[in-house]
Every structure is written in C-alpha cells, then in structure tokens.
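> Sharing a model that was predicted from the sequence below.
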Amino acid sequence: MATLKTPGPETETPPPGAPAEAVLAAAPEVMADTLGQYVRASLLRIKSGDSGVLPVLVGLVVIAIIFQSQNSLFLSAGNLTNLLVQAAVFVLLGLAEIFALLLGEIDLSIGFVSGMAGVVTVELLASPRNWPWWAAVLAGIAVTAVIGAVQGTIITRLRLPSFVVTLAGLLGFQGLMIRIIGQGGIIPINNNVVNDLANGNLTVTAGWIVAIAGWLAYAAATWRRDRRRRASGLVAPPVSLTVLKIAGVAAAAVALLLVCNTNRGIVLPIRGVPWVVLIVIAMLVAWSVLLGRTRFGRYVYAIGGNAEAARRAGVNLARIRTAAFMLCSATAGVAGIVYASRLRSVSTNLDGGTLVLYAVAAAVIGGTSLLGGRGRPVHAVLGGIAIAAIANGMGLLGMAAATQLIVTALVLLAAVTIDSVARRGRAAVGTR
C-alpha cells in the first residue's frame, strides 16, 4: 500500500520542530513499491491540496493551445527558441527571489541590483580598464553578493522589515546607476563573449555533446541515490519510476536539441542551443541541490515554515537569512549580466521596478508560496516561461502592452488564489 511519509533520518529534512508542511516542501516523498502505488499516492497528495507544479503545467498547455490556434508560428522552432531566450531573465530573477520568499520575506531591490551587476561588468570591460571578460563578470556578481549581504545584515541584525530595506535599495541603486552612467546614458558592451551570453549559440555538435554528458551525469546520480536509499530501507521511489525519470530527462533533452538545432535564420542559417539556456539550467541545478540536498537548504525551509521552532532547534536565524539574501542578490547579478548581454549594452532606462514584479510573479505563478516554507527552484523556471509565453504570444497577435500586463496580472492572481486554497486544504487535512 502506498503512503505519504516524511523522509527518514538520512534524508534532507528541516531540523526538529519544523512544521510538517516545511518538511514536505523541502523533500516530498512517497513510499511505494510499484509505479501504480506511487501514482495513486501522488493523486492522494494532490487531492489533499499539494498540487505542486501541476497548475502551472496545465496553464502552459492552455497558453500553448490558445496562442497556437490563433497563430501557427507560436510553436515553431524559431519562436520557441526565442521564447526561451526571452524567459531567461524572468527565470533568473525568479530563482533569485525564491531565496527571500522561502523565508517569508521579499526583496524589492533585485531589479536594480541586477542592473548594478551589468554596470560594473561593462565598466570594467570598457577602456581604459579592459578587464578580461571572466574577471569583469565575476566582479559584477561579487558586487551584488556584497549588496545582498549588507541588506541581509541590516534586516536580520537591526530587525527591520525586508520590504522597507529592499525598497530603499530599489531607490538607492537606481540612483547609483544614474550617477555612474549619467542621466539618459548608455554604455555599449565591446566584448563578444559577454554579448554571446544571451545572443550566441552552441554548435549543433557541441549541443549534443553537452546534452549527453549532462544526461549521463544526471542518470548516474539519480540511479545511485535511489538505489542507495532503497538498500538502506529509506523512503525512495520504485525502480520503475527512477527509470521513467531518467528516460523523461533524456526525452526533454532531445526535444530541446531538435527545436534549437532547427534552422531559424532568414538570410543566414542559425542553429544551436542558446548559451543562455545552459546558464539557466546550470543555475537551476545548482540551487536545486543547494536547497534540496544541503543543511543550508533544510534550514531555509524550516525558517520559512516556523522561524521560532527553527530557532529552538538551534538554527542560527541571522546567519541563514543573511546568506539567503546574499544568494538572492548574487543570482540577480547573473540575471543583470544576461539582460545587459541581450541588449548589448547597459543604460539608465532599465525598468528595475517592473523586473522585480516579474520576478515575484514568476516564482508565485510557478508554485512558490508568498508566506514562506514552500517552493522549489523549478517553480521559478516554469513561472518565468509562463510569463514569457504570455508576452510572446500576445506579441505575435499584435496585442498592446497594456493587455499583456492585464493578462499577466490575472494569471498571477489565479496562482495566488490556488496557493491560498491549497493551504486551507492542507490545513483542513492536518486537523482531521
């Protein structure tokens, strides 16, 4: 018989005292001996209010059907590849915002913090400094990490609301950008490698090599982890599900390669997976491992679920919160460099206020809770793709920007409503 169980002693769970919701959010597991039992137990979990990524997946399918029926170019290889590039900044900013949201906090400054990363990087690349591209990029990310650490320290040590501190950051860093660049100014990027971060593509051969290597690494890690857990008598999926997960990732990789390797050029042939897609995948994997498989991640979920319980369990709240805000800003820095790369420049026209709203929307639409303790990095990826798909599809249909904002707002409202209803459903189940 399949059952929902919290993980055993060797699994990645929040410390003692954290609520069950925080535990399940960090590592939801289903004990089952067969694939059929696993499916039935998963359906039971969905009925109890833990729908996971199902709503946003259904939403993406609906979006695709609607726009494809109105314009046959929506699901073309060229448009889908362009959509992935468009979604990259939303996804990366969503990945950044998740660190704050999991704590039950918010960071309103990441839009202009991301801009600071772009400004620092481009300034260091320009003459007379002429830094190597990798050093300039690392310096830009390092600056944003320091910004996050400072803001996190103010929030945790002085116990000021994150809303107020990061709102001050939003205003302050916008002003600092204007001071550095100049009112209405623009600085072009003169480095081909940095420009190619968002505009370049892997060769077809290189794409297949990277995909095969990545899939082999994923398959080996997944098989080894699940086999070790089964051998130890811990909560683990059945062998058939492990095989299906590995096969599913292979199918997704092949589909991505077939789409991106299709010629999408008009005058000259353009093929290959965009570099920025690899950047997003790398960030997704890194933060998924950090939040799902490390002590730091367990503590983040525990604090978001019940900060007082986490404190009594011995978690250093100030240290974890500060580190989370630092990672939030550093990830935003990566997004800012990608955004500058896509425009091939940085300017004071950066709309950081809108970007941070899209960051929050990406995380929440994907399934991250605004109240803390529940969410995963993949939620930001799915939410960012949903936002980009709405903008992309409406652009193909020639709809005004005002309509795009209204529809995105309605989607965000629907996502928050689903989250609220799901929470009440889980609370009702827990009181029975």
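Yep, that arrived. Note that the coordinates shown come from a computational prediction; the quantities given were computed from them, not determined experimentally. Residues are numbered from 1 along each chain as shown.
> The one helix or strand Arg228 maps to - contacts with which helices or strands?
According to DSSP states H and E, Arg228 maps onto helix 204-231. With contacts defined as 3 or more C-beta pairs under 8 Å, 6 or more residues apart in numbering; DSSP states H and E, helix 204-231 has these neighbours: helix 239-260. For the C-beta atoms, the positions are set from N, CA and C on the backbone; glycine is no exception.
> residues of the helix it packs on that come out buried?
In terms of neighbour count (16 or more other C-beta atoms under 10 Å), helix 239-260 has its buried residues at Leu241, Thr242, Val243, Lys245, Ile246, Val249, Ala250, Ala253, Leu256, Leu257, Val259, Cys260.
> now the angle from that helix to helix 204-231?
Between helix 239-260 and helix 204-231, the angle comes out at 170 degrees (axes from the mean of the first three to the mean of the last three C-alpha atoms, to 10 degrees).
> Alpha carbons of helix 239-260, as CSV, please.
Only the C-alpha atoms of helix 239-260 are listed here, as CSV (Å, rounded to 0.1, in the frame of the first residue of the first chain):
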residue,chain,number,x,y,z
VAL,A,239,12.8,1.3,-9.7
SER,A,240,10.3,1.8,-12.5
LEU,A,241,9.8,5.5,-11.5
THR,A,242,13.6,6.0,-11.4
VAL,A,243,13.9,4.6,-14.9
LEU,A,244,11.0,6.8,-16.1
LYS,A,245,12.6,10.0,-14.6
ILE,A,246,15.9,9.2,-16.4
ALA,A,247,14.0,8.5,-19.6
GLY,A,248,11.9,11.7,-19.2
VAL,A,249,15.0,13.8,-18.9
ALA,A,250,16.5,12.2,-21.9
ALA,A,251,13.3,12.9,-23.9
ALA,A,252,13.2,16.5,-22.8
ALA,A,253,16.9,17.0,-23.7
VAL,A,254,16.3,15.5,-27.2
ALA,A,255,13.2,17.7,-27.7
LEU,A,256,15.2,20.8,-26.7
LEU,A,257,18.0,19.9,-29.1
LEU,A,258,15.7,19.2,-32.0
VAL,A,259,13.9,22.5,-31.5
CYS,A,260,17.0,24.6,-31.1
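> Helix or strand next in line after that helix, which one?
That would be, after helix 239-260 and using DSSP H and E, helix 275-293.
> what's next to that following helix, contact-wise?
Here helix 275-293 makes contact (C-beta atoms under 8 Å, 6 or more residues apart in numbering) with 12, 26-27, 84-85, 88, 91-92, 95, 98, 102, 196-198, 200-202, 210, 214, 256, 260, 296-297, 300-301, 327, 331, 334, 338, 341-342, 376-378, 381.
> and what of stretch 386-403?
With C-beta under 8 Å, 6+ apart, stretch 386-403 has contacts from 56, 59-60, 63-64, 66-67, 70-71, 73-74, 79, 82-84, 86-87, 90, 358, 361-362, 365-366, 404, 407-408, 411.
> For PyMOL, write the selection for the buried entries among those residues.
What follows is the PyMOL syntax selecting those of the contacts of stretch 386-403 that are buried according to 16+ other C-beta under 10 Å:
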select buried, resi 56+59+60+63+67+71+74+79+83+84+86+87+90+358+361+362+365+366+404+407+408+411
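> In helices, which of the contacts of stretch 386-403 appear?
Using DSSP state H to define helices, the subset of these located there is 56, 59-60, 63-64, 66-67, 70, 79, 82-84, 86-87, 90, 358, 361-362, 365-366, 404, 407-408, 411.
> does Ser127 count as helix, strand or coil?
coil (DSSP: H, G, I helix; E, B strand; the rest coil).
> In contact with the nearest residue to it once chain neighbours are set aside, which residues are there?
The shortest distance from Ser127 to any non-neighbouring residue, by C-beta to C-beta, 6 or more residues apart in numbering, is to Asn190 (8.0 Å). Listed by C-beta under 8 Å, 6+ apart, the contact set of Asn190 reads Leu125, Ala126, Ser127.
> could you dump those residues to JSON lines with pLDDT?
JSON lines is the format used below for the contacts of Asn190 (pLDDT from 0 to 100):
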{"residue": "Leu125", "pLDDT": "94"}
{"residue": "Ala126", "pLDDT": "90"}
{"residue": "Ser127", "pLDDT": "86"}
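> Just the buried ones among these, please.
Using 16+ other C-beta under 10 Å, the buried ones in the contacts of Asn190 are Leu125, Ala126.
> what's the distance between the residue located most distally from the centre of the chain and Val122?
Largest separation from the mean C-alpha position in the chain: Pro128, at 36.0 Å (C-alpha atoms, centre = their mean). With the distance defined as C-beta to C-beta, to the nearest Å, Pro128 ends up 14 Å from Val122.
> again with Ala217
Distance from Ala217 to Val122, by C-beta to C-beta: 34 Å.
> now Val235
Separation of Val235 from Val122 (C-beta to C-beta): 49 Å.
> do Val193 as well
Look at Val193 and Val122: by C-beta to C-beta, they are 13 Å apart.
> Those two - which one has more neighbours?
Each of Val193 and Val122 has its neighbours counted (other C-beta atoms under 10 Å); Val122 has more, 27 against 15.
> Ala213 and Leu241: what is the separation?
24 Å.
> Please read the previous query as pertaining to Gly36.
As judged by C-beta to C-beta, Gly36 and Leu241 stand 10 Å apart.
> tell me, what's touching those two both at once?
With C-beta under 8 Å, 6+ apart, Gly36 and Leu241 have no common neighbours.
> Name the nearest residue to Leu256, sequence neighbours excluded.
Residue nearest to Leu256 in three dimensions, not counting chain neighbours: Val273, with 6.8 Å by C-beta to C-beta, 6+ apart.
> Report the buried residues of stretch 269-289.
Buried residues in stretch 269-289, counted by 16+ other C-beta under 10 Å: 271-281, 283-284, 287-288.
> Among the residues you listed, which one lies nearest to Leu160?
Nearest to Leu160, judged by C-beta to C-beta, of these is Trp287 at 26.0 Å.
> So that closest one versus Ala386, what's the distance?
Applying C-beta to C-beta, the value for Trp287 to Ala386 is 19 Å.
> With Val120 instead?
To Ala386, Val120 is 31 Å away according to C-beta to C-beta.
> Make sure Val334 is actually in contact with Leu138.
No - counting by C-beta atoms under 8 Å, Val334 sits too far from Leu138 to count as a contact (10.8 Å).
> of these two, who's got more company?
Ranked by neighbour count (other C-beta under 10 Å), Val334 and Leu138 place Val334 first, with 26 against 15.
> now the angle from the helix or strand hosting that one to helix 275-293?
Per DSSP H and E: Val334 is located in helix 317-343. Calculated by the same axes, to 10 degrees, helix 317-343 forms an angle of 170 degrees with helix 275-293.
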